[in-house]
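Q: What follows is a protein structure lacking sequence information:
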């Protein structure tokens, strides 16, 4: 479903298919302590593993990995993964090194526009940790609806945290898009 690996251009960001040239940016992203906390990532990543990962993204037809660039610099990634073709659904995840500049909102808008205009997807979901209020606010603003909670889904620094499940459905995204144009 994601064999097309487009470059998507907005006002502030450009989304490019992840390739080997993004390995250093990805390594910096996944090594950033605040990004790790916000994404709940306990894993450590090695440079060679990041290079191999980036080099194989173009071959994956069940996911879409896009580097987020602003001013020609790598600032994060947005991904559609966990594709469920039978139910026309997938997951969205995003990670940014430079939050609060609108890059994430624009990247998600571009990604959802591509997903709902060029594929038969009906549902895009995500999980966000309850303590990430900024991200939850952005997701709601973009049309995601809270569906529930996964209680104590993450243990971080000895404390338990809930994950909030959210999704946006094609008909709601289309109605929202029509009111914005």
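A: Perfect, thanks for sending it. Since the model is a prediction, treat every value here as computed from it, not as a measurement. Numbering: from 1, shown residues only.

Q: Helices of the chain, residue ranges please.
A: Secondary structure of the chain (DSSP state H): helices at 23-31, 33-39, 47-56, 103-118, 133-141, 170-180.

Q: Can you check which of these gets nearest to residue 84?
A: helix 103-118 (13.3 Å; C-beta to C-beta). Backbone N, C-alpha and C define where each C-beta goes, glycine included.

Q: got the contact list for that closest one?
A: 4, 6, 8-13, 15, 64, 66, 68, 70, 75-76, 78, 80, 90, 92, 94, 96, 121, 124, 135, 138-139, 141-143, 168, 170, 173-174, 177 (C-beta atoms under 8 Å, 6 or more residues apart in numbering).

Q: residues of stretch 72-91 that come out buried?
A: Residues 74-80, 83, 89-91 are the ones in stretch 72-91 that count as buried (16 or more other C-beta atoms under 10 Å).

Q: Now do the lowest-mean-pLDDT helix or strand in the chain and helix 103-118, the angle between them.
A: Every helix and strand of the chain was ranked by mean pLDDT, DSSP states H and E. The lowest is helix 170-180, at a mean of 88. Per axes from the mean of the first three to the mean of the last three C-alpha atoms, to 10 degrees, the angle that helix 170-180 makes with helix 103-118 is 110 degrees.

Q: what's helix 170-180 packed up against?
A: Here helix 170-180 touches helix 103-118, going by 3 or more C-beta pairs under 8 Å, 6 or more residues apart in numbering; DSSP states H and E.

Q: and the helix it packs on, which residues are buried?
A: Here helix 103-118 shows 103-112, 114-116 as buried, counting by 16+ other C-beta under 10 Å.

Q: Next up, phi/psi of the residue sitting furthest away from the middle of the chain, please.
A: Taking C-alpha atoms, centre = their mean, the residue of the chain most remote from its mean C-alpha position is residue 158, at 26.3 Å. Here is the backbone geometry of residue 158 (degrees, to the nearest 10): phi 80, psi 0.

Q: quick one on the thing from earlier: can the buried residues of stretch 72-91 go into CSV with extra columns for pLDDT and distance to residue 41?
A: Below are the buried residues of stretch 72-91 laid out as CSV (pLDDT from 0 to 100; distance: C-beta to C-beta, whole Å):
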residue, pLDDT, distance to residue 41
74, 96, 18
75, 96, 17
76, 96, 13
77, 97, 13
78, 98, 16
79, 98, 13
80, 98, 18
83, 97, 21
89, 98, 23
90, 98, 20
91, 98, 15
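
Q: Thanks a lot, catch you later.
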